[in-house]
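1. one predicted model, sequence on top.
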Amino acid sequence: MPLEIIRNDITKVRADAIVNTANPNVAVGDGVDSAIYSAAGRDKLLAARSGIGELRPGECAVTPAFDLPAKYIIHTVGPAWEGGTSGEIETVAECYRGSLEKARELKCESVAFPLISAGTYGFPKDVALKTAVSEISGFLFDNDMTVYLVVYDRKAFEVSGKAFSEIKSYIDESEVKVRQHRRPEPEAILSSRNVSFDDGPEVFESDERRYFPEVPYSSAPVGGAAPHPQIEKKKRGFGILPSIRPVRRPGGPAEPERKPDKDIEDIIKDKDESFQQYLFRVIDRKGLTDPEVYKKANIDRKHFSKIRSNPDYNPSKKTALAFAVALELNMDETRDLLLKAGMALTRSSTFDLIMAYCIEHRIYDIYEINCILFKFGQPTLGAVE
């Protein structure tokens, strides 16, 4: 995946390069800097860092990663927050741009970032996040690389703005509606259907006659036959499901054998277009190029090529919705796209509710959506499956 937000300890992330929010001086700082020195080997890394010397805010330099699960450590110095009036945001942006350029020069295929300056330097986390996503997404539009934005604690991951608060209300309201429409308890089902039991024949009222014949209820076999299992369920309070087929009376006429209208070969020949066919038809209709689509969908080029070459490709829901966002589909078009993959949005899923809100409100920035999904503990869009 080009940009993935993950919750992890950055010293445990496997990537070609790990970015360190370094002390400007040749010394071990706090937070991420201290953790990276401890995991890489304090003495070895400090000796390599000595060869670099002092770094100014926004500047980058490279050392080996030593004992970390990476090849390189890219050291960059973030600014301390001073209210946002001293060029702090531009300096943080410079840290991301310089680190990504170093990773490209080193021919890295993957790089892991912390949220620069959002720890001991006091940078507001929502501003730090917005800056990180903006710089990384801009870089990825012209470069193929997997970038991890590593967050140690989801609770400290802040997303601000009107959309986030409205989505929270949207989810809360939908959860209330789902609870109001839950299936009632068995006792409530029975009382609402006006069905009674006694020691005599089973009493069927309303339209229940369509599903069961009027046969006597007994706990012992009648005429050598056991009681009908659905009547047993009803006696125990399970209620009646309207999908039950009528029961043929013993000795009654056999049901005529039903022959299929079409042979299975004809049915297969007449199948509808696949998800892959529908997807590329929409891409062509909108006049978009392949790179425009897979970059906006946060899907890597190799995986997109696999989709184009496989007419029977079946996506996960999050990948299908990533394409809906990239193509800026409305809700009806999104439902059609999901239907081609045998899927649908539901009101009982937090992930689905967030996606429905974003599509209904035409929020098509996949990185903004992924920040919201991550904050709510949901899978993010775009992936290599």
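-> Received, thanks.

2. which helix or strand contains Leu329?
-> Taking DSSP states H and E as the definition, Leu329 sits outside all helices and strands.

3. which residues are in contact with it?
-> Val282, Leu337, Ile359 (Cβ atoms under 8 Å, 6 or more residues apart in numbering). Yep, even glycine has a C-beta here, placed from its N, CA and C like the rest.

4. what of Arg104?
-> Asn143, Met145 are the contacts of Arg104 under Cβ under 8 Å, 6+ apart.

5. tell me the secondary structure for it?
-> The three-state assignment at Arg104 reads helix, by DSSP: H, G, I helix; E, B strand; the rest coil.

6. tell me how far it lies from Asn20.
-> To Asn20, Arg104 is 18 Å away according to Cβ to Cβ, to the nearest Å.

7. returning to that earlier point: can you tell me which of the contacts of Leu329 is nearest Leu327?
-> Ranked by distance to Leu327 (Cβ to Cβ), the contacts of Leu329 are led by Val282 at 5.8 Å.

8. tell me how many other residues surround the closest one.
-> 18 (other Cβ atoms under 10 Å).

9. need the contact list for it.
-> Val282 neighbours (Cβ under 8 Å, 6+ apart): Leu327, Leu329, Glu333, Leu337.

10. backbone phi and psi for the second one, please?
-> Main-chain torsions, Leu329, degrees, to the nearest 10: phi -80, psi 150.

11. thinking again about what came up before, buried subset of the contacts of Val282?
-> Those of those that meet the buried threshold are Leu327, Leu329, Leu337, by 16 or more other Cβ atoms under 10 Å.

12. for the one helix or strand Ala47 maps to, buried residues please.
-> Element membership for Ala47 (DSSP H and E) is helix 42-50. By 16+ other Cβ under 10 Å, the buried positions in helix 42-50 come out as Leu45, Ala48, Arg49.

13. so what's the last one closest to, chain neighbours aside?
-> So that's Arg49. Val26 (5.6 Å; Cβ to Cβ, 6 or more residues apart in numbering).

14. these two touch, right, that neighbour and Gly51?
-> No. Using Cβ atoms under 8 Å as the test, Val26 is too far from Gly51 to be in contact (9.1 Å).

15. on that earlier part again, what is the burial count for the residue nearest to Arg49?
-> A count of neighbours around Val26, defined by other Cβ under 10 Å, yields 15.

16. mind checking how far it is from Thr11?
-> Going from Val26 to Thr11 by Cβ to Cβ gives 20 Å.
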